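1. Build me a structure from this.
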Amino acid sequence: MNTNEHNKKPILKVKNERAAGILLHISSLPGNFGIGDFGNADKFIDFLQKSRQKVWQILPLNVISGIAGYSPYSSPSAFAGNPLFIDPYNLIEQGLLSKKAVNRVREKRSSKVNYLTAEKTKLHLLQSAYKQFFKDDDKRHHSYFSYCEKADYWLNDFAVFMTLKENFQGLRWSEWPKEYRHRDSHHVKQFILENKSEIDYIKFTQYIFDFQWKRIRQQANDSGIQIFGDMPIYLSYDSAEVWANPEMFKLNNDLSMQTVAGVPPDYFNEDGQNWNMPIFKWEDLDKTNYNWWLKRIERNMEWFDMLRLDHFRGFSSYWEIPADESTAKNGTWQKGPGEALFNMVQSAFPRYPLIAEDLGLIDQAVYDLRDKFDMPGMRVAQFGYEGELSENIHYPDNYVKNSVAYTGTHDNNTLKGWYYNDIDKEVRDRLAGKLNHIEGVKTINELVIQEVLNSSAGLAMIPLQDWLELDEGSRMNKPSTLSGNWLWKIAHGKVFSRRLKRKIIKMTEQAGR
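-> Numbering: from 1, shown residues only. Okay, here's the model as predicted:
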């Protein structure tokens, strides 16, 4: 594994510099094909730079699935990018699509993502671009084949997996005929020979995805903006990795799941959360020196300048639930890979910034693991105004330097929705009282944003919805719900106004960021 390019000094040392950024996923950018895509990323990067922001945080870039409610945290692949993010207009510039063909499927502006529309239009356009790409001899073919060779450790399995799914009308791999479910070598090889064009098409979409995203990341870096990514700990059961590498997961002989991941019951959910996602065989992965995990992190390093480890708690200990349970009540805590994994990660990528998502039911062992490897943790202001403030680690006055602070994350309501719908009268009165005593701050949003920006946290991240003071209708995700999530989208670029820019600059600079 070549790590030389990753050992350069990062653009931003989270623990040593005061910086601010905006949280906005790609799907929420303006887009004319059912979903936000890379086509408006350059405008947002320009907005970030002119607003004195240093970081753009996004959710996982991985391919998504309707079976999992289009959640980027339940992906069919640990390595593949979401082709719905590909910009059709860039394909026109590359000579792979005609302007007429693209404009014919362009839709009107919308403030909600329509995944069915996005799949229909984007995948149709990508099929046309693929045919054009290979129609004539082209100097780009060498680049494509070189990409496929470099990515072969994951790309071929993914392409075959997705082609098989298409062949079996989208069924989960566990419902395929036995010879394909168990990857019988004769039948799989024959399928590959008979479906070469379809498999190559899937590889082509990944080549284009990486080509476009690489340009965006470079533009961001050239503008002084660091891309802050996100990596889920678990994968969908219906994923290329579980199908291709069942030995890495706790499965039965018939390849059904023995146990599944989740979190135990708590104050917010008496049943806990059953994620119905397979659990890694950590003891077997340890015997390989966590080679697969190192490759996974290296893949994310190709995309991001810094990386949040979602559900960091699971690396210390994880909640394991029998697969036949409908709730998470009857699970047990099991020991995670802990230091053994992160010793390997730190050895391979000593300078790469990792951030621990240390929210939820956390014990001292989680904090000890985080601190041993000097990872910043997270602080969320929406959790900070309840109880005894002096003892609440999420109260902005209590933030530490080596942390990333938020008004709220993608799993929280918007600030406005939270203030008017989620908190009790005592907390609301407490916030209203603070607002009345601070000169120049007019709204609850401005109050909480200011307190996060003014805090000691090295990095302060504000969701764009909170800068825009949007209500609960613009919430990104509501945990434990299966529908109605990942839908918020900017209808048009007018939201990036001069007025908003001036407001962000003023509050950011006043906070010394």
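2. What is the burial count for Ser65?
-> 20 (other C-beta atoms under 10 Å). Where C-beta positions appear, they are placed from N, C-alpha and C, glycine not excepted.
3. what secondary structure does the nearest residue to Asn289 once chain neighbours are set aside sit in?
-> Spatial nearest neighbour of Asn289, excluding adjacent residues (C-beta to C-beta, 6 or more residues apart in numbering): Met344 at 5.7 Å. The three-state assignment at Met344 reads helix, by DSSP: H, G, I helix; E, B strand; the rest coil.
4. Roughly how far does Met344 sit from Leu369?
-> 14 Å (C-beta to C-beta, to the nearest Å).
5. Ok, Gln53 next?
-> Gln53 is 30 Å from Leu369, by C-beta to C-beta.
6. Can you get me the start-to-end distance on stretch 485-499?
-> By C-alpha to C-alpha, to the nearest Å, the extent of stretch 485-499 from end to end equals 29 Å.
7. thinking again about what came up before, does the residue nearest to Asn289 really touch Trp292, like I thought?
-> No: the criterion here is C-beta atoms under 8 Å, and Met344 misses it with Trp292 at 11.1 Å.
8. Which neighbouring elements make contact with whatever helix or strand Arg299 lives in?
-> Element membership for Arg299, per DSSP states H and E: helix 291-303. Helix 291-303 sits against helix 152-167, helix 196-222, strand 226-231, strand 306-309, helix 339-348, with contacts defined as 3 or more C-beta pairs under 8 Å, 6 or more residues apart in numbering; DSSP states H and E.
9. try 6 Å this time
-> strand 226-231 (3 or more C-beta pairs under 6 Å, 6 or more residues apart in numbering; DSSP states H and E).
10. Remind me what the strand it packs on packs against, helices and strands.
-> By 3+ C-beta pairs under 6 Å, 6+ apart, strand 226-231 packs against strand 55-57, helix 291-303, strand 306-309.
11. how about these in TSV, adding distance to Ser75 and mean pLDDT?
-> Formatted as TSV, the helices and strands packed on strand 226-231 follow (distance: least, C-beta to C-beta, whole Å; pLDDT from 0 to 100):
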stretch	distance to Ser75	mean pLDDT
strand 55-57	18	98
helix 291-303	12	98
strand 306-309	15	98
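12. so which of these is the most packed in?
-> Mean neighbour count, computed with mean count of other C-beta atoms under 10 Å, is highest for strand 55-57 among these, reaching a mean of 26.
13. who's in contact with that strand?
-> Gly21, Leu23, Leu48, Ile225, Gln226, Ile227, Phe228, Met461 (C-beta atoms under 6 Å, 6 or more residues apart in numbering).
14. Just name the closest of the residues you listed to Phe133, please.
-> Ile227 (26.9 Å; C-beta to C-beta).
15. For the closest one, give me its contacts.
-> Going by C-beta under 6 Å, 6+ apart, the list of residues near Ile227 reads Trp56, Arg217, Ala220, Phe304, Asp305.
16. same check, this time on Ser236
-> Neighbouring residues of Ser236 by C-beta under 6 Å, 6+ apart: Ala68, Ser74, Ser75, Pro76.
17. how about a cut-off of 8 Å?
-> Ser65, Ile67, Ala68, Ser74, Ser75, Pro76, Val242, Met277 (C-beta atoms under 8 Å, 6 or more residues apart in numbering).
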